[in-house]
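okay, here's the prediction I keep looking at, along with the sequence it came from:
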Number of protein chains: 2
Amino acid sequence: MPPIDNKKVNTDLFALTYGSIISQLLIDCADVEDVNRQLDRMGYNIGLRLVEDYLARSSSPRCRDFRDMAEKIQHAFQMYLNVMPTIDHWSPGSDEFSIILWNNPLTEFVELPDSLQNMNYLNVLPGVIRGALEMLSVPVRAWIKSDHLKGDNETEIRIQAIQKDSNA
Amino acid sequence: MPPIDNKKVNTDLFALTYGSIISQLLIDCADVEDVNRQLDRMGYNIGLRLVEDYLARSSSPRCRDFRDMAEKIQHAFQMYLNVMPTIDHWSPGSDEFSIILWNNPLTEFVELPDSLQNMNYLNVLPGVIRGALEMLSVPVRAWIKSDHLKGDNETEIRIQAIQKDSNA
């Protein structure tokens, strides 16, 4: 088995491969909302698997709280996508925060045409986070709140804890 | 812009993302043959783009002949997938050869169920090669000849030059 540092592939290949998922979904899906849903679902399934890998590599102890978990998500972005997002915009109750991406390898070649302004190109990412946290029994809502591809200053993924007793 | 060495993402994330393409195609496509065709098509489109990136980074001079080109494909596998295939099984006329993969990051988590023994999980790869060479005006046929996932000793991608005068 190769050492961990060698477990890397080229960013451009990854970006183009991700782009071909988008192209395929645009052919297959009824509308842009459906593309967003499929991307979220694909991300969710990736997250369910990726979290095992994360735990195995990071030897990370159990999260103390939601703030600790946010730091681990930040670390995971660095580990997997080789980018360092900012964690910010905490809610007063510390149960909601944002992951702010200043750059990312997936959108390097991308410009959204006007007809796709409702598509969340990166919608796989909140799905991955939701899936990974689900496996850790930390249910969250996750969505893209602002998007650099749509002219926003940065890309912001919002994460909101779902209180476990909210269904009681 | 980050230096070239930083243009890497994690292999497992890439493998899982590729896996979710396969899952999506298995839902969308009529049959396994159609999945193979779609993967080849997606690869072709990736290859059309990736070759520009390859030329920009490798500052590679124009290929002298088909053997020289085979070496450059070998180099590209190392650059993009971080694996070093063997180039072998040349035809007597030097117009056909095989790329032999001993390992690759895309299939690390994969076991093909019996029902998918006709699927070429890696069919994106011959597509990428065909697309990239098309852009360089080197038309080829490319296909998976043997497949480690189906019990073969190694995965072999066969590349065959299409003689330009064959349509004359």
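Nice, thanks for sending it over.

got the residues of chain A near chain B?
A:6-14, A:16-21, A:23-25, A:28, A:38, A:42, A:45-46, A:49-50, A:53, A:79-82, A:105, A:109, A:124 (Cβ under 8 Å from any Cβ of the partner chain). C-beta coordinates here come from the backbone N, C-alpha and C atoms, glycine included.

how about a cut-off of 6 Å?
Counting by Cβ under 6 Å from any Cβ of the partner chain, chain A comes close to chain B at A:7-14, A:16, A:20-21, A:28, A:42, A:46, A:49-50, A:53, A:80-82, A:105.

show me the shaky parts of chain A.
Within chain A, the ranges that satisfy pLDDT under 70 run A:1-6, A:164-168.

next step: the residues of chain A next to chain B restricted to helices.
Those of those mapping onto helices are A:11-14, A:16, A:20-21, A:28, A:42, A:46, A:49-50, A:53, A:80-81, per DSSP state H.

so A:Arg158 belongs to a strand, correct?
Yes: secondary structure of A:Arg158 (DSSP: H, G, I helix; E, B strand; the rest coil): part of a strand.

thinking again about what came up before, of the ones in helices among the residues of chain A next to chain B, closest to A:Ser59?
Using Cβ to Cβ, A:Asp53 is the member of these that lies nearest A:Ser59, at 12.2 Å.

wait, that closest one touches B:Asp12, no?
Yes: counting by Cβ atoms under 6 Å, A:Asp53 touches B:Asp12, with 4.9 Å between them.

middle-most residue in chain A, spatially?
Centroid-nearest residue in chain A: A:Leu125, 2.1 Å away (criterion: Cα atoms, centre = their mean).

what distance do you get for the closest residue to it other than its chain neighbours to chain B?
In this structure, A:Leu125 finds its nearest non-sequential neighbour in A:Ile157, 5.9 Å apart by Cβ to Cβ, 6 or more residues apart in numbering or on different chains. Counting by Cβ to the nearest Cβ, to the nearest Å, the separation of A:Ile157 from chain B is 16 Å.

what is the burial count for the closest residue to chain B within chain A?
Here chain A gets closest to chain B at one residue, A:Lys8, 3.6 Å apart by Cβ to the nearest Cβ. Number of residues near A:Lys8 (other Cβ atoms under 10 Å in any protein chain shown) recorded here: 21.

what's the answer for A:Gln163, then?
11.

same check, this time on A:Arg130
Around A:Arg130 there are 23 residues (other Cβ under 10 Å).

which helices and strands does the helix or strand containing it pack with?
Taking DSSP states H and E as the criterion, A:Arg130 maps to helix A:124-135. When contacts are defined as 3 or more Cβ pairs under 6 Å, 6 or more residues apart in numbering or on different chains; DSSP states H and E, helix A:124-135 sits against helix A:32-58, strand A:140-146.

and if we set it to 10 Å?
If contacts are counted by 3 or more Cβ pairs under 10 Å, 6 or more residues apart in numbering or on different chains; DSSP states H and E, helix A:124-135 sits against helix A:11-28, helix A:32-58, helix A:66-81, strand A:96-101, strand A:140-146, strand A:155-161, helix B:11-28.

sorry, back to before: any idea what the nearest residue to the residue of chain A closest to chain B once chain neighbours are set aside is bridged to?
Leaving aside its sequence neighbours, A:Lys8 sits nearest to B:Lys8 (Cβ to Cβ, 6+ apart; 3.6 Å). Counting by DSSP bridges, B:Lys8 forms beta bridges with A:Asn10.

thinking again about what came up before, same list, the helices and strands packed on helix A:124-135, but as JSON lines with mean neighbour count and distance to B:Arg130 please.
Formatted as JSON lines, these follow (neighbours: other Cβ atoms under 10 Å in any protein chain shown; distance: least, Cβ to Cβ, whole Å):
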{"stretch": "helix A:11-28", "mean neighbour count": "20", "distance to B:Arg130": "14"}
{"stretch": "helix A:32-58", "mean neighbour count": "19", "distance to B:Arg130": "26"}
{"stretch": "helix A:66-81", "mean neighbour count": "17", "distance to B:Arg130": "29"}
{"stretch": "strand A:96-101", "mean neighbour count": "20", "distance to B:Arg130": "34"}
{"stretch": "strand A:140-146", "mean neighbour count": "18", "distance to B:Arg130": "35"}
{"stretch": "strand A:155-161", "mean neighbour count": "21", "distance to B:Arg130": "34"}
{"stretch": "helix B:11-28", "mean neighbour count": "20", "distance to B:Arg130": "18"}
